[in-house]
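Asks: predicted structure and sequence below. I'll ask about it afterward.
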Amino acid sequence: MARTELERLSAGYARFTLKLSPAEATIDIDGTRQSPEGTELWVAAGRHTVSIRAQGHESYEQSLDVSAGRFDLEVQ
């Protein structure tokens with residue numbers, strides 16, 4: 001597994017460790033629904049629009065310049 005992670009990072013991907021509240025929140029990147037692998041979401045480097053939505057909560061949307069590496073993303 002470590003080799004796959006290193007390959008993704010060197011290929012220009014970012015790994016986000018997600019902490020979402022509520023847990024059923026949805027994530028769209030550039031208008032496409034994402035399916036995280038457990039608590040991890042891999043995103044290609046570059047400029048992206050990230051949208052997070054959950055029923056009964058205010059929606060969140062932001063443009064991000066993503067670079068390769070590891071990051072935490074906490075949304076409440």
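Replies: Great, that's in hand. Numbering: from 1, shown residues only.
Asks: CA only for contacts and neighbour counts going forward, please
Replies: Fine.
Asks: a strand runs through Glu7, doesn't it?
Replies: No: Glu7 is assigned helix when assessed by DSSP: H, G, I helix; E, B strand; the rest coil, not a strand.
Asks: tell me how many other residues crowd it.
Replies: Glu7 is flanked by 12 other residues according to other C-alpha atoms under 10 Å.
Asks: where does pLDDT dip in this structure?
Replies: Filtered on pLDDT under 70, the chain yields the residue ranges 1-3, 5-6, 8-10.
Asks: for the residue most central in space within it, give the beta-bridge partners.
Replies: The residue lying closest to the centre of the chain (C-alpha atoms, centre = their mean) is Leu41, at 4.5 Å. For Leu41, the beta-bridge partners are Phe16 (DSSP bridges).
Asks: how near is it to Gly56?
Replies: Taking C-alpha to C-alpha, to the nearest Å as the measure, Leu41 falls 24 Å from Gly56.
Asks: on that earlier part again, the residue nearest to the centre of the chain contacts Arg15, correct?
Replies: Yes: judged on C-alpha atoms under 8 Å, Leu41 makes contact with Arg15 at a distance of 5.8 Å.
Asks: picking up where we left off before, how close does the residue nearest to the centre of the chain sit to Pro22?
Replies: 17 Å.
Asks: for Thr39, same thing?
Replies: 13 Å.
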